[in-house]
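A.B. asks: Fold the following and give me the result.
(chains A and B)
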Amino acid sequence: MSRHLTPSVQRRVGGPDGRNLDRRSFLKVSAAALGATAGLSPPQSFTPITLAQDAAATGASPPFRFAYISDSHLYEKHLNDRFVRGLLRAVDDVNNLDPQPDFVFYGGDLAQLGQVKELDMGAQILKNLKAPLKIMVGEHDWYLDMGEKWQELFGEPTYSFDHKGVHFVVLNSVVEKDFWTARGMSPMERMKTVAGLDNGVQSPFTVGEPQRKWLEEDLAKLPDDARVVIFSHSPLYKLYKQWNFWTDDAEEVQAILKRFKHVVVIHGHTHQLLTNRIGNIHFHGLLSTAWPWPYAPEGMPELTIQMSRPDPFNPNDGCGDGEVLVHPDGLVDKVYSLWNRKPITVSAAYLASSGKQSVPSKPNRPSY
Amino acid sequence: MNRILIGRRMKGAFAGTACLALTSLWIGCGQPSGSSPSLAGVSTTSSPEAAPVEASLQPALAVAAVAEETAAKETAAKEAPPAGDGKTVQVGSCDGEHTVAVSKDLSGRPLADALMGQWKRDHPEAKWVAEQKERHSFLPPADNSDLLTGEQGKEHVYGNYTERDILTWARETEKLVAEGSRIFHDGDALGSTVAVSCDMCHPHAANTHPETYPKFQTQLGRTVLLRDMINWCIENPVRGDKLEPDSPEMRALEGYIMAQRKGVEMNYGKH
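C.D. replies: Coordinates of the predicted model:
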């Protein structure tokens, strides 16, 4: 686990980095660089970043939006094309946003069984995004080859970047204690065990000590009123252990975040509208493009307004993608763009008022 | 194919129980009264060496006194030598599928252990119920041990239960539920052509709400039972062939799904 801790690799500060350049962005940057070299025009594409830094210094950061796609669980197309079509639809949704979001965040579980062909196809589809991509790893991407292929495609799973005065951190929160060696499991047996949401043989998810230490160091330079957004695949709190809607060292991670005025945590894995607030930390879930999960039978956070139970007769119901509007104070409005329904926004005001204001509409078909 | 396998699995489990009973009988055969092994229901193969089996059991009196650990070692050394060397006897296993070659020198407990050892090797998934329970932690059946209290029932044939009855009911019921859990979590067992299994939308059978059936299913325009919805799921998201309503697979799936709602109020017709 030490290799994701190389600071030079993890620090991806500023605009689109090399990893995330699609062809279009590459041409833009190249053209700007060419113009600058030739002295024909100022490098316009760099200007907004400079402005953003100035704005951050004065505490007047502009609001901005990023889009999200998550949990596509791709099988190879010949085996199951429904999940592939789900991801394609989400990419179309995001590409049709006008204006375009500043970047697109992918929330993990791109593949269903972490296989080379699944991950390759996912990477290929995500290249069609017009906006730059930031990506996080999920357990379905990891436990066949312990992240080898995913890292080859997307780089280190733990990193941070700054955008318009907001500090973003991406964690690998699906670190499991070795349950497979003693049982003599093959890599695919290990993968399938982790892939079963209700499979009790696996271990609970953790961020783990090395990443927690890295997180502390990464945040050390920030003042207490800094705007911080953390991405983790599993919720960074303890909801329902039996389905790993859970991070076993959540309290330790929360303690690291405690000194900040407020922090936003955005997580995948749960495939549903999910909202929570623990003190200064606001939590939002992401929708899946593959299937919705039922709500946990116990331990639901009070602030969660559940989405109506999905219609099994419509394979897209309860699935979707969405956007996140980041306010100047660093809190966010979380938009759930459900494919078969009106979008639902869980606003910063709703969480900041502990559920007293801007209450989203309630479901008429609660989960069983 | 999968459905045949399921049948075999169940059969294997039942055969295991029978074999255990059988080995007890073999141990009994080692007593001085020395009944013929053929009376214990074990069929031997047509090996010409079969006849001396009874004689080989005679030293059981001596062997019976040997500590179990020693016996186990002895068994490991002697069991299953090559057939047809004049020192072994072929014994037909009670599952009707396997023949076990055991040393003629074995008798009593070591012989029983040899037979049981062979059966375990032939059935590596013998602990599949326990394994299924560990993986998917289905809820246990009701505890009926309260039936062992009270004096009145003990005077009647119906109502005179033993601890063994209580355990047997629990074990047999759990077996059906475990089989349902296995199919529920296995796209191949469900016959899925798109690698989808029930648990991918219904972990621990959540949101299957068996307590609400029968109910009018608006999307189908008729009143349905749980099994109708199981078959709808198998045909649509799972993309498989629907099950016969009374097939072992459907019975097991229904058993598992209902078991997961233990303690929930029946409320048919609820949407």
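
A.B. asks: contacts and neighbour counts: CA atoms only from here.
C.D. replies: Noted.

A.B. asks: Enumerate the residues of the stretch 251-368 of chain A near chain B.
C.D. replies: Within the stretch 251-368 of chain A, the positions adjacent to chain B are A:291-294, A:313, A:315, A:365, A:367-368 by Cα under 8 Å from any Cα of the partner chain.

A.B. asks: Check the residues you listed and tell me the two furthest apart.
C.D. replies: A:Pro315 and A:Tyr368 (18.8 Å; Cα to Cα).

A.B. asks: can I see the domain layout of chain B?
C.D. replies: Residue ranges for the domains of chain B, per automatic domain parsing: B:2-122, B:128-259.

A.B. asks: In terms of mean pLDDT, which of those domains ranks lowest?
C.D. replies: Among the domains of chain B, domain B:2-122 carries the lowest mean pLDDT, a mean of 52.

A.B. asks: Skip ahead from the host helix or strand of B:Leu111 and say which helix or strand is next.
C.D. replies: Applying DSSP states H and E as the criterion places B:Leu111 in helix B:108-122. Heading C-terminal from helix B:108-122, the first helix or strand you meet, by DSSP H and E, is helix B:128-136.

A.B. asks: is that following helix up against chain A anywhere?
C.D. replies: Yes. On the criterion Cα under 8 Å from any Cα, helix B:128-136 is in touch with chain A at B:134-136.

A.B. asks: Which one of those residues is nearest to A:Glu217?
C.D. replies: B:Arg135 (38.4 Å).

A.B. asks: Distance check, the closest residue to A:Thr304 other than its chain neighbours against chain B.
C.D. replies: Spatial nearest neighbour of A:Thr304, chain neighbours left out: A:Thr275 (4.5 Å); criterion: Cα to Cα, 6 or more residues apart in numbering or on different chains. Distance, A:Thr275 to chain B, using Cα to the nearest Cα, to the nearest Å: 20 Å.

A.B. asks: Which strand residues bridge A:Thr275?
C.D. replies: A:His284 (DSSP bridges).

A.B. asks: OK, contacts around it?
C.D. replies: For A:Thr275, the contacting residues are A:282-285, A:301, A:303-305, A:346, by Cα atoms under 8 Å, 6 or more residues apart in numbering or on different chains.

A.B. asks: try A:Leu79
C.D. replies: Taking Cα under 8 Å, 6+ apart, we find A:Leu79 in contact with B:193-195.

A.B. asks: okay, those in TSV with secondary structure next?
C.D. replies: Shown next, in TSV, are the contacts of A:Leu79 (DSSP: H, G, I helix; E, B strand; the rest coil):
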residue	secondary structure
B:Thr193	coil
B:Val194	coil
B:Ala195	coil
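
A.B. asks: Chain A: which of the residues you listed is nearest?
C.D. replies: Nearest to chain A out of those is B:Val194 (Cα to the nearest Cα; 4.9 Å).

A.B. asks: what about that closest one, neighbour count?
C.D. replies: 20 (other Cα atoms under 10 Å in any protein chain shown).

A.B. asks: my guess is it contacts A:Asn80, does it?
C.D. replies: Yes. At 4.9 Å, B:Val194 counts as touching A:Asn80 under the criterion of Cα atoms under 8 Å.

A.B. asks: The residue minimising distance to the centre of chain A: what's it in contact with?
C.D. replies: Residue closest to the average C-alpha location in chain A (Cα atoms, centre = their mean): A:Gly107, at 3.2 Å. For A:Gly107, the contact set (Cα under 8 Å, 6+ apart) comprises A:68-71, A:135-138, A:231-233, A:267-268, A:286.

A.B. asks: where's the closest residue to it other than its chain neighbours relative to A:Ala220, distance?
C.D. replies: The shortest distance from A:Gly107 to any non-neighbouring residue, by Cα to Cα, 6+ apart, is to A:Ser70 (4.4 Å). Distance, A:Ser70 to A:Ala220, using Cα to Cα, to the nearest Å: 29 Å.

A.B. asks: Just want to know which of those two has more residues nearby.
C.D. replies: Taking neighbours as other Cα under 10 Å, A:Ser70 and A:Ala220 compare with A:Ser70 leading, 31 against 11.

A.B. asks: Contact partners for the more buried one?
C.D. replies: Contacts for A:Ser70 (Cα under 8 Å, 6+ apart) come out as A:106-110, A:268, A:286-289, A:321.

A.B. asks: do you know how far it is from A:Gln202?
C.D. replies: Using Cα to Cα, one obtains 23 Å as the distance from A:Ser70 to A:Gln202.

A.B. asks: and the residue of the stretch 201-350 of chain A found nearest chain B, how many neighbours does it have?
C.D. replies: For the stretch 201-350 of chain A, the residue closest to chain B is A:Val201, as judged by Cα to the nearest Cα, at 5.3 Å. Residues lying near A:Val201 (other Cα under 10 Å) number 18.

A.B. asks: Then A:Lys177?
C.D. replies: A:Lys177 has 12 neighbouring residues, counting by other Cα under 10 Å.

A.B. asks: Now it: closest residue in space that isn't a chain neighbour?
C.D. replies: The spatial neighbour of A:Lys177 that comes closest, neighbours along the chain excluded (Cα to Cα, 6+ apart), is A:Ser203 at 5.8 Å.

A.B. asks: quick one: the closest residue to B:Lys120 other than its chain neighbours and B:Lys175, what's the gap?
C.D. replies: The shortest distance from B:Lys120 to any non-neighbouring residue, by Cα to Cα, 6+ apart, is to B:Ala126 (6.9 Å). Distance, B:Ala126 to B:Lys175, using Cα to Cα: 12 Å.

A.B. asks: Counting neighbours, go ahead and name the busier of these two.
C.D. replies: When neighbours are counted by other Cα under 10 Å, B:Ala126 and B:Lys175 differ, and B:Lys175 comes out ahead with 22 against 16.

A.B. asks: I figured that one hits B:Val129, correct?
C.D. replies: Yes. Here B:Lys175 lies in contact with B:Val129, judged by Cα under 8 Å, at a distance of 6.2 Å.

A.B. asks: Contact partners for the residue of the stretch 1-150 of chain B found nearest chain A?
C.D. replies: Proximity of the stretch 1-150 of chain B to chain A (Cα to the nearest Cα) peaks at B:Arg135, 4.9 Å away. Residues in contact with B:Arg135 (Cα under 8 Å, 6+ apart) are A:198-201.

A.B. asks: would you list the residues you listed in JSON lines and tack on distance to A:Gly147?
C.D. replies: Putting the contacts of B:Arg135 into JSON lines (distance: Cα to Cα, whole Å) gives the following:
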{"residue": "A:Asp198", "distance to A:Gly147": "22"}
{"residue": "A:Asn199", "distance to A:Gly147": "21"}
{"residue": "A:Gly200", "distance to A:Gly147": "22"}
{"residue": "A:Val201", "distance to A:Gly147": "20"}
